[in-house]
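*Asks:* have a look; sequence and predicted model below, questions after that.
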Amino acid sequence: NAGVTQTPKFQVLKTGQSMTLQCAQDMNHNSMYWYRQDPGMGLRLIYYSASEGTTDKGEVPNGYNVSRLNKREFSLRLESAAPSQTSVYFCASILWGGDTGELFFGEGSRLTVL
Amino acid sequence: GESVGLHLPTLSVQEGDNSIINCAYSNSASDYFIWYKQESGKGPQFIIDIRSNMDKRQGQRVTVLLNKTVKHLSLQIAATQPGDSAVYFCAENGGYEKLTFGTGTRLTIIP
């Protein structure tokens, strides 16, 4: 049982390049999330998917797109990377209506945009 | 939660003392709250949660208090230990499973 798996763990991009962060969970969770965390700062919600087939904007969606490919997978795409998108990105999932309501996090993806 | 984008407030506590970490939330419709602990270089870890129909919940060495009247949440850690040093975040479900985090507080335990 791997929990939440994110790839890649590290990535360096040049301004204007595109990339996709992949996230998969094997816990049959219904909701998935992408957050970014800047150094010394809190977690900010980029996009989330409350259930398979739906996606919604979070607090800081500009510059990002997401795809909920199926119940397991939720990807985050940067179409044209900017230095302001240098951050650590966390994917998370949760089973709403379960016993604990615990949000499970991936290990994070550290992205640097030059 | 508290305004995002602000740098972390800090709290220093003597080892063995109790710690109280506070969190203000803005959405009166939020019905579920969670506290997370994040150690350096790691992802957040679940500590304890509370639903809006409760005002107190206890776990192992931790207690969460919810005051809906003033939209305030607190995490109390009893008999703090060096391993409690971390950043602590509160999160709220503002509806439709939109889970947002507060600014966070950096807790430092003084030996």
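*Replies:* Everything's here; your move.
*Asks:* got the residues of chain B near chain A?
*Replies:* Applying C-beta under 8 Å from any C-beta of the partner chain, we find that chain B lies next to chain A at B:1, B:4-8, B:32, B:34, B:36, B:42-46, B:49, B:89, B:91, B:96-104. No exception for glycine: its C-beta is placed from N, CA and C like everyone else's.
*Asks:* in chain A, what residue comes closest to chain B?
*Replies:* Nearest to chain B, among the residues of chain A, is residue A:105, at 3.7 Å (C-beta to the nearest C-beta).
*Asks:* quick check: beta-bridge partners of that residue?
*Replies:* residue A:92 (DSSP bridges).
*Asks:* can you verify my assumption that it contacts residue B:44?
*Replies:* Yes. Counting by C-beta atoms under 8 Å, residue A:105 touches residue B:44, with 5.4 Å between them.
*Asks:* hmm, back to that, which of the residues of chain B next to chain A count as buried?
*Replies:* B:1, B:4, B:32, B:34, B:36, B:43-44, B:46, B:49, B:89, B:91, B:97-104 (16 or more other C-beta atoms under 10 Å in any protein chain shown).
*Asks:* still on that earlier bit, between residue A:105 and residue B:44, which contacts overlap?
*Replies:* Applying C-beta atoms under 8 Å, 6 or more residues apart in numbering or on different chains, one finds that residue A:105 and residue B:44 are jointly contacted by residue A:90.
*Asks:* just after the lowest-mean-pLDDT helix or strand in chain A, pick out the following helix or strand.
*Replies:* Using mean pLDDT, DSSP states H and E, the weakest-scoring helix or strand in chain A turns out to be strand A:104-105, at a mean of 90. As assigned by DSSP states H and E, the chain's next helix or strand after strand A:104-105 is strand A:109-113.
*Asks:* now the nearest residue to residue B:76 once chain neighbours are set aside: which helix or strand?
*Replies:* Leaving aside its sequence neighbours, residue B:76 sits nearest to residue B:63 (C-beta to C-beta, 6 or more residues apart in numbering or on different chains; 4.4 Å). For residue B:63, the host element (DSSP H and E) is strand B:62-67.
*Asks:* which helices and strands sit right next to that strand?
*Replies:* Applying 3 or more C-beta pairs under 8 Å, 6 or more residues apart in numbering or on different chains; DSSP states H and E, one finds that strand B:62-67 contacts strand B:32-38, strand B:45-51, strand B:56-58, strand B:72-77.
*Asks:* got the contact list for the residue of chain B found nearest chain A?
*Replies:* When scored by C-beta to the nearest C-beta, chain B has residue B:43 as its residue closest to chain A, at 3.7 Å. Counting by C-beta under 8 Å, 6+ apart, residue B:43 makes contact with A:90, A:105, A:106, A:107, A:108.
*Asks:* which residue sits closest to it in space, ignoring its chain neighbours?
*Replies:* Of all residues not flanking residue B:43 in the chain, residue A:105 sits nearest, at 3.7 Å (C-beta to C-beta, 6+ apart).
*Asks:* just give me the neighbour total for the one you found.
*Replies:* A total of 23 residues lie near residue A:105 under the criterion other C-beta atoms under 10 Å in any protein chain shown.
*Asks:* which outside residues touch the lowest-mean-pLDDT helix or strand in chain B?
*Replies:* Here the helix or strand of chain B ranked lowest by mean pLDDT, DSSP H and E is strand B:99-101, holding a mean of 87. Here strand B:99-101 makes contact (C-beta under 8 Å, 6+ apart) with A:31, A:33, A:35, A:42-45, A:48, A:58-59, A:94, A:103, B:1, B:4, B:34, B:36, B:89-94.
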